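> Here is a sequence with its predicted model. Questions after.
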Amino acid sequence: MATAVANQAPHQFGKEAEEKKINGGFVVPETNSFGETFRKLGVKKMREEYIKMDKMEMSIWECCELLNDVVDESDLDSDLPQMEHLLQTAESIRKDYPDEDWLHLTGLIHDLGKVLLLPQFGGLPYWAVVGDTYPVGCAFDESILHHKYFKENPDYHNPAYNTKYGVYSENCGLDNVLMSWGHDDYMWRERTKPLYLQLLFFIIKTTPSIVTYELYSKATELIDVEKVKPYYLSLMKRVYKDLSVHA
């Protein structure tokens, strides 16, 4: 199946992808497997393009609202707009940790990078935006989901990249390691505000905690946006002196 996925045109993976079973019997969205095949050291080029942050300026809440037009096709558990996913995640955290308001905000903004799927931000294909994040420029670790598809990735066969440390040196530090391009890396670019940087480090350092609420807060019952909006607007105003973001 890996070869078949690699040979399909990129534009086919932004639509209803047919699910197929691989060895082991579980269903894998082609969107993700296609990403494992083509996410490589080309992240440098993507960063150079998107680090400019010159496409749009808006408020944080306006950025959230843009995700009303985005449904994550790689998510088999929900077909709701991503704005709803943000609110469900944030409200689930808020319920369990009512006094940790900064954590509520973390849940709300954690997937804002998915605006990359929208035409005004370049309309990138799903495989280039969603899915897992992992180091590039070195051997792909076997713990990465859908590892078998890396055999179709150009970097997999590059002798400069397929050793344990690849282009890096031991103990070089994560600041010097390139991660696969996607919505998380894009979000990391807009990090000029000190507290925002702290929130991003929280997402990175305690990923299992965030993942718990990401995966298990999904429900068919919609959040009353107008009811919770004042709370999050007041929270943003208190946390940020400048409520605008550049994308």
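All right, it came through fine. Numbering: from 1, shown residues only.
> going forward, measure contacts between C-alpha atoms and count neighbours the same way
OK.
> Lowest average confidence across helices and strands, show me which element that is in the protein.
helix 2-7 (a mean of 25; mean pLDDT, DSSP states H and E).
> Now do the helices in the protein.
2-7, 30-38, 43-50, 60-66, 82-96, 101-109, 183-189, 194-205, 207-216, 225-239 (DSSP state H).
> Just give me the lowest mean pLDDT stretch among those helices.
Mean pLDDT per stretch puts helix 2-7 lowest among the helices of the chain, at a mean of 25.
> Just the buried residues of stretch 162-179, please?
Neighbour counts over stretch 162-179 (16 or more other CA atoms under 10 Å) mark 162, 166, 168, 177, 178, 179 as buried.
> typo on my end, stretch 149-164
The neighbour-count check on stretch 149-164 (16+ other CA under 10 Å) flags 149, 150, 151, 152, 153, 155, 156, 161, 162 as buried.
> before we move on, what about stretch 43-56?
Using 16+ other CA under 10 Å as the test for burial, stretch 43-56 gives 43, 46, 50, 51.
> Let me see the contact set for the first one.
Contacts were defined as CA atoms under 8 Å, 6 or more residues apart in numbering; by that measure residue 43 touches 178, 179, 180, 181.
> mind redoing it with 10 Å?
49, 128, 136, 137, 178, 179, 180, 181, 182, 185 (CA atoms under 10 Å, 6 or more residues apart in numbering).
> count of residues packed around the last one?
The burial count assigned to residue 185 is 18, neighbours taken as other CA atoms under 10 Å.
> try the fourth one
Residue 137 sits with 25 neighbouring residues when counted by other CA under 10 Å.
> ok, for it, nearest residue in space, not its chain neighbours?
Once flanking residues are discounted, residue 137 sits nearest to residue 161: 4.8 Å by CA to CA, 6 or more residues apart in numbering.
> Quick check, that neighbour in contact with residue 178.
No. Assessed by CA atoms under 10 Å, residue 161 is found out of contact with residue 178, at 12.0 Å.
> Kindly reformat the contacts of residue 43 as CSV containing distance to residue 55.
Listed next are the contacts of residue 43 as CSV, based on distance: CA to CA, whole Å:
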residue, distance to residue 55
49, 11
128, 18
136, 27
137, 29
178, 23
179, 23
180, 22
181, 18
182, 17
185, 17
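> ok, which pair from these is furthest apart?
Of all pairs drawn from the contacts of residue 43, the greatest distance, 19.2 Å, lies between 49 and 137 (CA to CA).
> ok, the buried residues of stretch 43-56 vs residue 118, which is closest?
Set against residue 118, the nearest of the buried residues of stretch 43-56 by CA to CA is residue 50 (13.7 Å).
> Can you tell me how far that closest one is from residue 143?
Remark: distance between residue 50 and residue 143 (CA to CA, to the nearest Å) = 29 Å.
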